[in-house]
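>>> fold the following and give me the result.
(one chain, ligands or ions: 1)
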Amino acid sequence: MRLEDVRIVLVGTSHPGNIGAAARAMRAMGLERLHLAAPQCDPLDAQACAQAAHGEALLHQAVVHPDLDAALSGCQLAYGLSARRRAERHPVRELRPAAEEAAAQAGGEQAWVFGRERTGLTNVELDRCHYLVHIPTDPACSSLNVAQSVQLVAWELRMAAGAAPAAGAAAGPEPAGVDALERFFGHLEEVAGAVGYLRRQNPELTMRRMRNLFRRAQPTDDELRMLRGLFNHILDHRRWS
Ligand code: SAH
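Just a heads-up that it's a prediction; the model follows:
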């Protein structure tokens, strides 16, 4: 991983000061790509600029998206930051090992996704992420300010990137990115629905478990193509039988 490939994605942020403080935190650690999904305030508000200090340029370059899906487009991996541990739903990593793993990834952009000040990320948004990342705190007080969370993540990524072997050193083909995976999950859901499988299960939970399974496997584009070929055969077979 290179620090240039790290995207910080803030979802539904309401306070401009938090966007500014996040930009400052990023700038200090050498991160530059700030993406805002459905921000609830103006990222160039005077308060945002005041908080950003020498990170103000990041506010001007920030990319604004209508939702998280759009903000993740083009990424290879997505990490969703959550103050709560929802282990039964998503694979959870603590920040340090997650950053070390992320730093060892070969190429492509990776997104680190932060939630709303009051309500965090929804389960549907967390479903879009490969891993849920928790910053360990005193258990009685686990919810940090969003910009402070960005600071800790940016610091851990900087430390981990310094310690990791040179980017590109990892052998083997690259795993498929977020867009190809989303198309695959859509196709999987379609075929599972067409053969009546989802009717017998809790569809939301089943699809979440499928997502976890396939993300853990880190399939390549070729492997997804193979599985989607199989899905097409199943769908054709049903149509003609
Ligand atoms: N009440 C919300 C907390 C929102 S804090 C909730 O329970 O989810 C705003 C954002 O900061 C969170 O969505 C998350 O992305 C990040 N954050 C705050 N504390 C964190 C922690 N201990 N670990 C990981 N992320 C954290």
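>>> which bits of this structure sit near the ligand?
Residues of the chain lying close to the ligand (CB under 6 Å from any ligand atom) are 81-84, 114-115, 117, 119-121, 134-135, 137, 142-144, 146, 149. (Each C-beta comes from the backbone N, C-alpha and C, glycine too.)
>>> for His90, which non-adjacent residue is closest in space?
Closest residue in space to His90, ignoring its immediate chain neighbours: Leu132 at 4.2 Å, by CB to CB, 6 or more residues apart in numbering.
>>> now what about stretch 143-159, what contacts it?
If you take CB atoms under 8 Å, 6 or more residues apart in numbering as the criterion, stretch 143-159 is touched by 1, 3, 6, 8, 10, 13, 17-22, 24-26, 28-31, 51, 81, 83, 95-96, 99, 102-103, 112, 114-115, 117, 133, 135, 137.
>>> among the residues of the chain next to the ligand, name the buried ones.
The neighbour count (16 or more other CB atoms under 10 Å) marks Leu81, Ser82, Ala83, Phe114, Gly115, Glu117, Gly120, Leu121, His134, Ile135, Val146, Ser149 as buried among the residues of the chain next to the ligand.
>>> helices or strands up against the strand or helix carrying Gln76?
For Gln76, the host element (DSSP states H and E) is strand 75-81. When contacts are defined as 3 or more CB pairs under 8 Å, 6 or more residues apart in numbering; DSSP states H and E, strand 75-81 packs onto helix 95-104, strand 109-114, strand 131-134, helix 178-194.
>>> mind putting those into CSV with mean pLDDT?
Shown next, in CSV, are the helices and strands packed on strand 75-81 (pLDDT from 0 to 100):
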stretch, mean pLDDT
helix 95-104, 94
strand 109-114, 97
strand 131-134, 94
helix 178-194, 94
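>>> tell me which of these is the most buried.
Ranked by mean neighbour count under mean count of other CB atoms under 10 Å, the helices and strands packed on strand 75-81 are led by strand 109-114, which reaches a mean of 24.
>>> and the direction of that one versus that of strand 75-81, what angle?
With axes from the mean of the first three to the mean of the last three CA atoms, to 10 degrees defining the directions, strand 109-114 sits at 20 degrees from strand 75-81.
>>> quick one: strands adjacent to strand 109-114?
strand 6-11 (parallel), strand 75-81 (parallel) (DSSP bridges).
>>> redo these as CSV? Include mean pLDDT and distance to Asp42.
Formatted as CSV, the strands paired with strand 109-114 follow (pLDDT from 0 to 100; distance: least, CB to CB, whole Å):
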stretch, mean pLDDT, distance to Asp42
strand 6-11, 98, 13
strand 75-81, 94, 23
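>>> reformat those strands as a markdown table; add distance to Asn232.
Putting the strands paired with strand 109-114 into a markdown table (distance: least, CB to CB, whole Å) gives the following:
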| stretch | distance to Asn232 |
| --- | --- |
| strand 6-11 | 33 |
| strand 75-81 | 25 |
